[in-house]
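> Got a predicted structure plus its sequence, pasted below:
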Amino acid sequence: MGRPEVRTYTTLGGEVRSVAVGPPKRRAPKKPRADGLSATQALTKRNNDTLAAGRHPATGLRLAPYGATCGACAHHQAYEYHSKTYHKCELHRLGQSHSSASDVRVGWPACMAFKAEERA
Ligand code: SF4
């Protein structure tokens, strides 16, 4: 292996900087999870297990007994991004992050914080 190439550039502020440019560092291969599931599969399983236990994955609250779903809740938010729709909950325990971990499903049973959407 040779020495890394050094490139010099001038910033918009007029500073001259040098950076070493080399081949990309190799990352260690990801270790497979003990359960053999991908991260997405594990998240889905965790959400399904939480629902089966009578708790809502988003808020951690008990499931509402009256058959409503997150899609009909006033706390449900739908965001369009790159022709996809992401469903979030204003009360999610993780906040409204850009992670799929904070997504909700419109068909999930509602939690006890359910608030009926007002219709115009
Ligand atoms: S029912 Fe409403 S408050 Fe409860 S998790 Fe679903 S969207 Fe959020």
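Great, that's in hand. Numbers count the residues shown, from 1 in each chain.

> pLDDT wise, what is Arg26 at?
We note a pLDDT of 85 for Arg26 in this prediction.

> One more: Val6?
Predicted confidence (pLDDT) for Val6: 89.

> What's the local residue count around it?
Each residue near Val6 was counted by other Cβ atoms under 10 Å, and the total is 10. Placement of C-beta: from N, CA and C, glycine included.

> List phi and psi for it.
Val6 has phi and psi values of phi -110, psi 120 when expressed as degrees, to the nearest 10.

> How much space separates it from Pro24?
Taking Cβ to Cβ, to the nearest Å as the criterion, Val6 is separated from Pro24 by 17 Å.

> which regions of the chain sit below the pLDDT cut-off?
Within the chain, the stretches falling below the threshold (pLDDT under 70) are 1-2, 120.

> That one against the ligand: which residues are in contact?
56, 58-59, 70, 73, 75-76, 89, 91, 104, 110-111, 113-114 (Cβ under 6 Å from any ligand atom).

> Restrict those residues to the buried ones and give me that as a PyMOL selection.
A single PyMOL command suffices to select whichever of the residues of the chain next to the ligand are buried according to 16 or more other Cβ atoms under 10 Å:
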select buried, resi 56+58+59+70+73+75+76+89+91+104+110+111+113+114
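
> Tell me which stretches of this protein form strands.
In chain order, the chain shows strands spanning 5-10, 16-21, 76-81, 84-89, with DSSP state E as the criterion.

> and the ones you listed, which is most packed in?
The highest mean neighbour count among these belongs to strand 84-89 (a mean of 16), with neighbours defined as mean count of other Cβ atoms under 10 Å.

> what's that one packed up against?
Contacts of strand 84-89 with other secondary structure elements, assessed using 3 or more Cβ pairs under 8 Å, 6 or more residues apart in numbering; DSSP states H and E, are made with strand 76-81.
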